[in-house]
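# need a structure here:
(2 chains)
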Amino acid sequence: MKKLGTLLVAVSLAGALLTACSGGNGNNSPGNNPDATANPGAETEQPSSKPVKLDIIETGNNLPSPDKDIIKQELDKALNIDLNLTVYPAADDYNNQLNVRMSSGNFPDLFMVDRQQLIQFSKQGLLLDLTPYMDKLEQTVAFIGEDSVKKGMVDGKVYGISKSPQIPYNTLWIRKDWLDKLKLEVPTTVEQLASVAEAFTKNDPDGNGKPDTFGLTGGKLGAFSTVFGAFGVGMPGNFYEKDGKVVNSLHEPAMKDALAFIKNMIASGSVDPELLANSGLQHQEKAIKGQAGIVYIDWPNMTKEQFVEQIKTVNPNAEWLQIAAPSGVGGQFDGSWDIGAAPGRYAIPKALEKDPEKLQRVFDLLNYISNPDGGSLLVQFGVKDTHFTLEDGKPKMTDKAGEVGHSWLYQFTGRPEMEYLQAKFAAQSAAIEFANDQPRIEALNGFVDNPEGYNPADANRYLEEEIAKFIYDKRPITEYDDFIKTLETSMNYKALVDSAMEQLKALGYGS
Amino acid sequence: MVRGLDDKIFNTIIYIILGLCGLAAVLPILYVVSVSITPFGEVLRNGGFILFPREITFSAYRTLLTESNIPKAFQITVLITVIGTTVNLVLTGLMAYPLSRRNLPGRNFFLLMIVFTLLFSGGLIPTYLVVKSMGLLDSIWAMILPNAVWSFNVLIMKSFFEGLPEELFESARMDGAKEFRILLQIVAPLSVPVLLTVGLFYLVGHWNEFFQAIFYVTDRTLYPLQVVVREILMQSQQPLENAENMMPTQTMQMASVMIASLPVIVIYPFLQKHFTKGMLLGSIKG
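Numbers count the residues shown, from 1 in each chain, chains lettered A, B, ... in the order given. Next up, the predicted model:
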């Protein structure tokens, strides 16, 4: 009997071992296992009367639970689907999830990818080539435009659906009340910008007798977008057309002048000392708190009611003014705007090929939300006559619009940006147009795919570090040419530049 | 008991150091508490930093508890924690006890296998495939079963069981008790400290459930608390992606942190005495 007892224990133990796990599941390097031999598309086919379940993943936040998600309910009803959207607030989490699912064959039916992922997954044969299906996606193509279709191409084949393009939001904002107090004019040249920033730092614009303010802040180097623009150069690393030729901003002689100018601004103490450490929206916070007098930021973060209220709580007299980019020797540009970038891309797994019914539903969904007479209004503004009303063909949000504040998560094909924003942000309409109308250098980086042997992460880090050294006077600007040399040789930046020139030429730029 | 000057100086220094350490631990919590109950405008007026609130509001808590996904997530987390910890303790106990019996056939082999899992893991994708093929994806079991037994805790429990006097078992057997009776009526009651210790490890682990949730669960209604709280916190740290994004205020963020951590903070002191005891018992008799 005793033996039987121990045997029993041993058997139960073996069973327990099976479930054992070290618990240290923190290993989140997904690795590259493209050859995982799973059996995709093995999901049982459902009769067409039953709703088809569609799994969609993307980055995003604030998605309500399905019972409160009116957009989902409406889409489900209209298309006879059961849409399961999952959003990940952090890009890292999303990429981990996507990599795991791609490697394990548990493909979502539609998922967001960046350009790199689009290339990588399509080369691994994981994505469905949409080229033969273009006639089924007519509505979608009409909605996003041919240019956006090109952005989803790899080697001439369409692997991704790109969202329709966005418009720029960023401009300089300045404290009007501070200007008035110090009897200064709105700066129109970079020199004036620098002197106003200095005055904001040294002349106690908030009148509290303490040197607790500074001039300019922004998200990292972006704070100086207009300064680069005034020297006629794009942001460091931008490709763009100049005098009919494609150039890289780093090779422009004026880049050195721009860096020298920025160096002087920083040396005068008028720039946020934590500028390069600002992450997320810290620059906005500093502006709201009354620490900074000039900020380079997007209009939503300065003009949405939530923030206006905060600004007024801190100081009822605070008045922020949106201003045009100051001019300089190189012209007047509000930084650069990448016309090659897509606000988002979505791909369909190759495995869905074997499930034509489901594939058709994905197409239906994309077409439906791209149809101005169909679901496009739904994913933009919500349910007609509940969340918005049409007045003379123009949508007007009602006070129930808050229920569908998350509708942008369902805009897989984008939206007609200007009309959309004007309707959703009627009160901010002037600021939206102002930002959109600013002259900007048209960067082309979004069109450029990284060549083999070029590691963008390393090169960008080196680029950022060295630029930081130049503008913080840790490295003399006379060594700029050495810096370019190191960048091009050690960091293989030359490969990128050469390849970019070739790729852009093929697209008709610089010829 | 006259203490010399040296002693006094020594003590003073010790007190200062300990005081600073204590302060370093308390200040951040105080900050979180204060911000969570101060109106956001007041926080901004003070340059974003307050330790003692001058104005108090619970509106952030009210909003979170009525309008966000937090109440649902709270339920899920409590469910995972209760079911998970029970499953953990039963399985870990059933595994550790036989391993503590020296007459178990193949004992060293089993021990080796357990230690092996401590050092090596299958990696993310194989684990994901296992979870998937078990049909656990998108269920709360995906957050419970993959880590049902934590090897380290098995070893702690095993050491504890080994420390129980052999005579106890002999006398029980002499009275006619079989293996299961010994386990349930003799070993279990004697093992309360170690069960509580290991239980606390598991409990905190489940309460902080995050990784498995974001990997194995895509159904929002099954998201545990930490995932939802992180979503609230992440929003403010990312540059604008969409104009219509509502930004949770700092007050809101801190309130969500409080809701997520308060239960564990409350439970800790009650379990702490067993905790230290259990740890010691485990470690001495290795």
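
# how close does the spatially most central residue of chain A get to A:Glu417?
Nearest to the geometric centre of chain A sits A:Pro343, at 6.0 Å (CA atoms, centre = their mean). A:Pro343 sits 9 Å away from A:Glu417, taking CB to CB, to the nearest Å as the criterion. Every residue, glycine included, has its C-beta placed from N, CA and C.

# Next, show the common contact partners of those two.
A:164-166 (CB atoms under 8 Å, 6 or more residues apart in numbering or on different chains).

# would TSV of those with neighbour count be doable?
Below are those laid out as TSV (neighbours: other CB atoms under 10 Å in any protein chain shown):
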residue	neighbour count
A:Ser164	20
A:Pro165	20
A:Gln166	20
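
# Let me know the closest of the residues you listed to chain B.
Closest to chain B out of those is A:Gln166 (9.5 Å), distances taken as CB to the nearest CB.

# right, is stretch A:380-391 up against chain B?
No: Stretch A:380-391 lies out of reach of chain B by CB under 8 Å from any CB of the partner chain, never closer than 10.2 Å.

# What residues sit buried inside that stretch?
For stretch A:380-391, the neighbour count (16 or more other CB atoms under 10 Å in any protein chain shown) marks A:380-383, A:387-388 as buried.

# first to last residue in that stretch, what's the distance?
Terminal residues of stretch A:380-391 are spaced 16 Å apart (CA to CA, to the nearest Å).

# Stretch A:463-480 too?
11 Å.

# what's in contact with that stretch?
By CB under 8 Å, 6+ apart, stretch A:463-480 touches A:221, A:236-237, A:250, A:255-256, A:259-260, A:262-263, A:266-267, A:276, A:483, A:487, A:491, A:493.

# same thing with stretch B:61-79?
Stretch B:61-79 is contacted from outside by A:64-65, B:36-37, B:140, B:206-207, B:209, B:220-229, B:232, B:252, B:255-256, B:258-259, using CB under 8 Å, 6+ apart.

# coming back round to it: tell me the two of the buried residues of stretch A:380-391 that are most distant?
A:Gln380 and A:Val383 (11.3 Å; CB to CB).

# According to the record, where do the domains of the chain fall?
Using chain A here. A:52-166+A:342-419, A:170-333+A:452-506 (automatic domain parsing).

# looking at chain B here, not the other one
Domains of chain B are assigned by automatic domain parsing as B:5-57, B:68-284.

# Just tell me which of these ends up closest to A:Val497.
Of those, nearest to A:Val497 by CB to CB is domain B:68-284, at 27.3 Å.

# circling back to that earlier point, out of the domains of chain B, which one sits most buried?
domain B:68-284 (a mean of 18; mean count of other CB atoms under 10 Å in any protein chain shown).

# Following the helix or strand where A:Gln310 lies in sequence, what is the next regular element?
Assigned by DSSP states H and E, A:Gln310 belongs to helix A:305-314. Using DSSP H and E, the helix or strand that follows helix A:305-314 in sequence is strand A:320-323.

# in that next one, what counts as buried?
Neighbour-count burial for strand A:320-323, with 16+ other CB under 10 Å as criterion, is recorded at A:320, A:322-323.

# Next secondary structure element downstream of the host helix or strand of A:Glu488?
Here A:Glu488 sits within helix A:480-489, counting by DSSP H and E. Next in sequence after helix A:480-489, counting helices and strands by DSSP H and E, comes helix A:493-506.

# could you say what helices and strands that next one packs with?
strand A:245-248, helix A:456-471, helix A:480-489 (3 or more CB pairs under 8 Å, 6 or more residues apart in numbering or on different chains; DSSP states H and E).

# just those: most buried one?
Using mean count of other CB under 10 Å, strand A:245-248 ranks as the most buried of the helices and strands packed on helix A:493-506, with a mean of 18.

# Show the end-to-end separation of stretch A:437-453, please.
For stretch A:437-453, the end-to-end distance is 39 Å (CA to CA).

# re the thing from before, and B:Leu111, which of the domains of chain A is closest to it?
Nearest of the domains of chain A (CB to CB): domain A:52-166+A:342-419, 31.5 Å.

# How far does that closest one sit from its chain's centre?
Between the centre of domain A:52-166+A:342-419 and the centre of its chain there are 16 Å (CA atoms, centre = their mean, to the nearest Å).

# Let's see the distance spanning it from one end to the other.
Domain A:52-166+A:342-419 end-to-end distance (CA to CA) = 33 Å.

# got the contact list for the residue lying closest to B:Val33 once chain neighbours are set aside?
Leaving aside its sequence neighbours, B:Val33 sits nearest to B:Met258 (CB to CB, 6 or more residues apart in numbering or on different chains; 6.6 Å). Residues in contact with B:Met258, defined by CB under 8 Å, 6+ apart, are B:32-33, B:36, B:61.

# In helices, which of the residues you listed appear?
Those of those mapping onto helices are B:32-33, B:36, B:61, per DSSP state H.

# got those residues as a markdown table, with pLDDT columns?
Shown next, in a markdown table, are the ones in helices among the contacts of B:Met258 (pLDDT from 0 to 100):
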| residue | pLDDT |
| --- | --- |
| B:Val32 | 89 |
| B:Val33 | 89 |
| B:Ser36 | 87 |
| B:Tyr61 | 88 |
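
# Sounds good, over and out.
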